[in-house]
Structure formats: C-alpha cells, structure tokens
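J.: Got a sequence here, can you model it:
(2 chains)
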Amino acid sequence: MTQLPVIEAKHLDLTFQTNDGPVQALRDVNLQISKGDFVSFIGPSGCGKTTFLRCIAALEEPTGGSLSVNGMSPEEARKARAYGYVFQAAGLYPWRTIAGNIKLPLEIMGFSKAEQAEKVEKVLELVDLAGFGKKFPWQLSGGMQQRASIARALAFDADILLMDEPFGALDEIVRDHLNEELLKLWARTEKTIGFVTHSIPEAVYLSTKIVVMSPRPGRITDVIESPLPKERPLDIRDSPEFLEIAHRVREGLRAGHAYD
Amino acid sequence: MKQVLIPVITVVATIMAFWYAACVPMNIKFALMTAERQGEIVSPEGMMARRDMSALVLSVKNPAQWSDTWVQAKPRLPAPHQVVTELWKSTMEVKPTSKRSLVFHGWVTLSATLLGFVIGAGMGIVLAVGIVHSRAMDMSVMPWAIASQTIPILAIAPMIIVVLNSVGLQGLIPKAVISAYLSFFPVVVGMVKGLRSPSPMDLDLVKTWSATKAQSFWKLRLPASAPYLFASLKIGVASSLVGTIVGELPSGTGQGLGFRLLSGSYYGQTVQIWSALFATAILAACLVATIGAVERGVLKRMGLA
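T.: The predicted structure is shown next:
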C-alpha cells in the first residue's frame, strides 16, 4: 500500500538576506516523511536542520521549491493543528502551573473547559507527570520541565511532533531516560516525529530514518533507513547493527565537511 | 530579627548624632547672641568680634551654649526632636480639617498625587502597548517621551498652571497634570521593556498555535510584563508626588504640602519646612510600600514570587 507522504519537500531552497549578503540556509532539499516515521535531522551547526524544521512549522518562508505538510501548505497545516513544536528550552510560563501551561494552546485554540481538563489529564499521564499538574515550573527538574513541554505539544492531538534539540540542554543520564520515554510515547501514540539533534547516538537510537545534513549551503548528504527493530532497549546501542549505522552517519557528516 | 535590628538602630543613631552635631555650628551664632544678652559670658565677647569667625571655631570655644542650639524657635537647622514635636502637634493636636494640620495638607497633596498617578500610569501603559505593537509609534512617540523628561519640571510647572488656569481649570487638576507628566515616563519605559521581555522562542511558540495578536498579548506579553510594571510603578508613584509638590509651589491655592514648604520658607519657619519635608517623605514611603504590597500579592498569585 502506498501512502501519501506526511511531509514532502521538493527542491526546497531558502536564502536569508543578511547584512553580509545572502546566506543560503537550504539548497535543493528533497525529502519524504511517511506517517509514523521517526526522522532525525543531524549535522553540524549551520547545516539548516533547525531551519528545515522551522519551514515545516511555517516559522520560516522557503524562497524556492515546494513543501507540503499533510498535503497542505505549512501555513494551512498550522491552522489545521497538524503539528506540535518542542523547542530546546522548555519555555514554560513561570506564572502558570504545569497544567496551566499545557492548557495554554487549548485555550488559544478555543477548546471548552471540560475538554481542556480532560486533555491535560491525558497528556500528563502520557509523559509520566500525572499528579504534577498543580506544580509550578520552578518546582520541577529540567527533565520534567521538558516532559511538560512535550505534553503541551501533544495536548491538541496533532499528528506530527516537531522537536528542535529538545534534550540538548539536559545531562546525558536524563537524556538517556527521556530518549527511552520518547520511544515509548511514539509507540503508543503513533505520531510522526521530526527530531533535530547533534548527537549521533541519539539520532541512531531513536530514528527510523536519519537525515544527515551539511552546512554552507545547508543540504542533505545522506538519508539512512534504520534497520533496527521498533522495540529498542537502551543496550541496543552496543549491538553491531547500531554501531554500523552510527558509523555511516559519521561518514556522512565527514563527507559533508570535505567540501570546505 | 536581632540581626536586622542592630544595623538598623546603628544607622538611625548615626544619622541622629550627625544631625544633632550639625545643629551646633548651624545655630551657634544666634545662641551666643541670646546668651550674651542674658548676661552670660561667651567667647569672644561682642557680636562684631564674632561676625567673621567660623561657626566651627565658635562651637569649639563655647561648649556651654551647645544645648541652646537645639531649642531655638527659628533655627537655621532644627534639631530632630523639634521636627518630631512639630510633626506630632500638626497632625495629632489640631483638627484634621484645620489649615494648620499636616493631615489636611497631606490629604490635598495625596489626592492630586493619586489622580496624577492614575492618569500617568494609565497613559504610560497605553503608550507602551502602542509602542510595542506599532513601529510607527515606537519611532514617533518614544523620542517625545524622552524629550519631555529633559525639560526641568520647575520650569514647565508654572506654565502648565497658567495655561490650565486660563481655560478655567484650577486646584486639583493642574497639579494632577504635572504629577502625571512626571509619572508616565518610568511606566512607559518599564512597561515597554516588560512587554518585550518574552524571548523569540516564546513568541514562536504561540505562533505555532496560530494565536492572534490579542491572544499573545493577553496570555504572554501582559503577564510577562508584570514584574517590570510594578518596578516602574514604584518609581512612578514617587515621581508623581514630586510632581504634585512642585505643582503646589506656584499654584497659590494655599493648600498642600508643597504650599506648606513654601510658606515656611517665606516666614523663616524652618521647623515647619522640615516637618512638611518629613511628612512628604513619609507619604512617599507609604505610597511606595502600598505598591510593594500590591506587587507581592499579585506576583504571589501569579506564582512568580
């Protein structure tokens, strides 16, 4: 059965006009993401991985090529609540409780009070924060805050979850734990996930598809379909298959750098 | 508690000691003159001999007259207890409706201050909202707001009084206008800063939810600005009081703490000037403390403090 891709980029270009002249952030990016994929974007800074994610979220306007999300333009997809976005910092409002923060997008989107309460309950449980709704953000650890921000992105039932280095600011132990949790969450919710990272093990551990990018101009140098099974215990990272994919990612990153 | 009490008492005691000490050279010449008339021996004898001598030298030479410098009726510098006594008399021992009551004058000043503060703070908030949302307003209003504060208030206050008087506005309103003129500025600056305090990420986030401008204002910008707003309201309310006092100097209405300061200086009533000064300071402290209490309450309810 052939499914329509959830996200499809064709010959996507994006050039920023800066004071030092035009900077090509993305050049000729072609990519298809299918429903239920876990796609990681990996590459050195300046490779356009975050920019590409922001294009999908209609936070940046591509200057060439085409990009569709659920068969719509990114702008329309946003209005149709196609995706939730998670940033590197949790970005929780300090003046709102955890539940209040998760309610925020629901209030803006005009859900009824009853629906709000019900959805908050549901996603809090999904990210393992049940019972923490009445706490304020500062009462939670960094990892818990990031989980709350994931809950907020999930609250309005978007099919796509876009994550921009969500665990980048956390220490490795917390990160491992959250990676494991994220995989479980993905298995339970069957969301399509776009995940920006600069950690090779993280990308290989999480993804069904790894997009390797390189800078100046930002472009895709390799797309790796992961042969790893859906069920992934943490120690899969010591298996030969895992190391082989990690090796290929590293090669891809190195090839990208050979340009300059 | 003890750790706080000792430093506080030390500071107050130091100020008092310095004040009493300062009264001696400030008032010594008059004290010596009075003492000499009553037949006491002072050094050197004779007004003419003392005329060109420094007050410090006279003080050192006549320790017996020190106590006389703290009880004069019209001293150059009144002693603390004289000011406190006058404050007590003019607040507690006269009817609050009397023209000799600081409560009466304080209320006149307070009412103009509050009106001016409400106008100024309201105007400041409205201008800040405009400045944050419109680049044109940012470019056109902000320079004028800054320019308005570079004009000495003492210079412009009489003009405001005269202009408003010519259109039939007297008493409370002109003073409130001057008060508002001084208090809107800190509120504009603080509020603009506060409304702009959300990070680009915060703004992107509400964008991904397709929030309208109004929604991101009410749900993000406004609550984020609260701590900034209160800080500038505190400065604003103090400026407001200064504005009212300055407005009372030329208004000639014969009421208010500013008038009390002025009339004291007309008649050489230094004790009256100082007690009016202290009444003003106490009033300002109360106003700032009130805002502080509201701030604590609001921020606590918001989970920010």
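
J.: so residue 35 is in which element?
T.: With no chain named, the answer covers chain A. Under the criterion of DSSP states H and E, A:K35 resides outside all helices and strands.

J.: switch to chain B, that's the one I care about
T.: Secondary structure (DSSP H and E) places B:A35 in helix B:2-37.

J.: And B:L287, by the same measure?
T.: Here B:L287 is covered by helix B:270-302, with elements defined by DSSP H and E.

J.: which of the residues in that helix are buried?
T.: Judged by neighbour count using 16 or more other CB atoms under 10 Å in any protein chain shown, the buried positions of helix B:270-302 are B:270-280, B:283-284, B:287-288, B:291, B:295, B:302. The way it works is simple: take the backbone N, C-alpha and C, and place the C-beta from them, glycine included.

J.: near chain B, which residues of chain A show up?
T.: A:57, A:59, A:78-79, A:81, A:83-85, A:87-89, A:91, A:93-97, A:104-105, A:107-109, A:136, A:156 (CB under 8 Å from any CB of the partner chain).

J.: Just the ones of those residues in helices?
T.: A:78-79, A:104-105, A:107-109 (DSSP state H).

J.: How many residues are close by residue 215?
T.: With no chain named, the answer covers chain A. By the other CB atoms under 10 Å in any protein chain shown criterion, the neighbourhood of A:P215 contains 18 residues.

J.: wrong one, I was asking about chain B
T.: Burial of B:Q215, expressed as a neighbour count using other CB under 10 Å, amounts to 17.

J.: who are the neighbours in contact with it?
T.: Remark: with contacts taken as CB atoms under 8 Å, 6 or more residues apart in numbering or on different chains, B:Q215 is in contact with A:108, B:206.

J.: Map the structural domains onto the sequence of chain B.
T.: Partitioning chain B according to automatic domain parsing yields domains covering residues B:2-77, B:102-302.

J.: now do the same end-to-end measure for the last one.
T.: It stands for domain B:102-302. 39 Å (CA to CA, to the nearest Å).

J.: how distant is it from the center of its chain?
T.: Between the mean C-alpha location of domain B:102-302 and the chain-wide mean there is a distance of 12 Å, by CA atoms, centre = their mean, to the nearest Å.

J.: With stretch A:15-24 instead?
T.: Average the C-alpha atoms of stretch A:15-24, do the same for its chain, and the two points are 26 Å apart (CA atoms, centre = their mean).

J.: count of residues packed around the residue of the stretch 151-260 of chain A found nearest chain B?
T.: Among the residues of the stretch 151-260 of chain A, A:F156 lies nearest to chain B; the distance is 7.9 Å by CB to the nearest CB. Counted with other CB under 10 Å, residues neighbouring A:F156 total 20.

J.: give the contact list for the closest residue to B:L172 other than its chain neighbours.
T.: In space, B:L172 comes closest to B:A112 once its chain neighbours are excluded; the distance is 5.4 Å by CB to CB, 6 or more residues apart in numbering or on different chains. By CB under 8 Å, 6+ apart, the contact list for B:A112 reads B:172, B:175-176, B:179, B:244, B:247-248, B:256.

J.: From B:T253, how far out is B:A112?
T.: Look at B:A112 and B:T253: by CB to CB, to the nearest Å, they are 10 Å apart.

J.: next one: B:L220
T.: Here the distance between B:L220 and B:T253 works out to 46 Å (CB to CB).

J.: Give me the more crowded residue out of the two.
T.: Using other CB under 10 Å as the criterion, B:L220 and B:T253 rank with B:L220 on top: 21 against 17.

J.: Give me the subset of the contacts of B:A112 lying in helices.
T.: Assigned to helices by DSSP H, the following of these qualify: B:172, B:175-176, B:179, B:244, B:247-248.

J.: how about the strands in the stretch 1-150 of chain A?
T.: Assigned strands in the stretch 1-150 of chain A, in chain order: A:7-18, A:21-33, A:38-42, A:64-69, A:83-86 (criterion: DSSP state E, counting those that start in this stretch).

J.: Buried residues in stretch A:39-59, which are they?
T.: By neighbour count, and taking 16+ other CB under 10 Å as the criterion, the buried residues in stretch A:39-59 are A:39-43, A:46-59.

J.: Am I right that B:A145 is in contact with B:F185?
T.: Yes: using CB atoms under 8 Å, B:A145 makes contact with B:F185 at a distance of 6.0 Å.

J.: These two: which has the busier surroundings?
T.: Ranked by neighbour count (other CB under 10 Å), B:A145 and B:F185 place B:F185 first, with 21 against 17.

J.: Quick check: phi and psi on that one?
T.: Per-residue torsions, B:F185: phi -60, psi -50 (degrees, to the nearest 10).

J.: Point out where the stretch 201-305 of chain B drops to low pLDDT.
T.: In the predicted model of the stretch 201-305 of chain B, residues B:251-252, B:305 satisfy pLDDT under 70.

J.: tell me which parts of it are close to chain A?
T.: Residues of the stretch 201-305 of chain B found near chain A, taking CB under 8 Å from any CB as the criterion, are B:201-202, B:204-211, B:215, B:219-220, B:223-224, B:226, B:302-304.

J.: in the stretch 101-250 of chain B, which spans are helices?
T.: Secondary structure of the stretch 101-250 of chain B by DSSP state H, counting those that start in this stretch: the helices cover B:102-133, B:135-150, B:153-166, B:172-195, B:200-208, B:213-216, B:222-251.

J.: What residues sit buried inside the longest one?
T.: Within helix B:102-133, the residues that count as buried by 16+ other CB under 10 Å are B:102-110, B:112-117, B:119-121, B:123-125, B:127-132.

J.: Many thanks, we can stop here.
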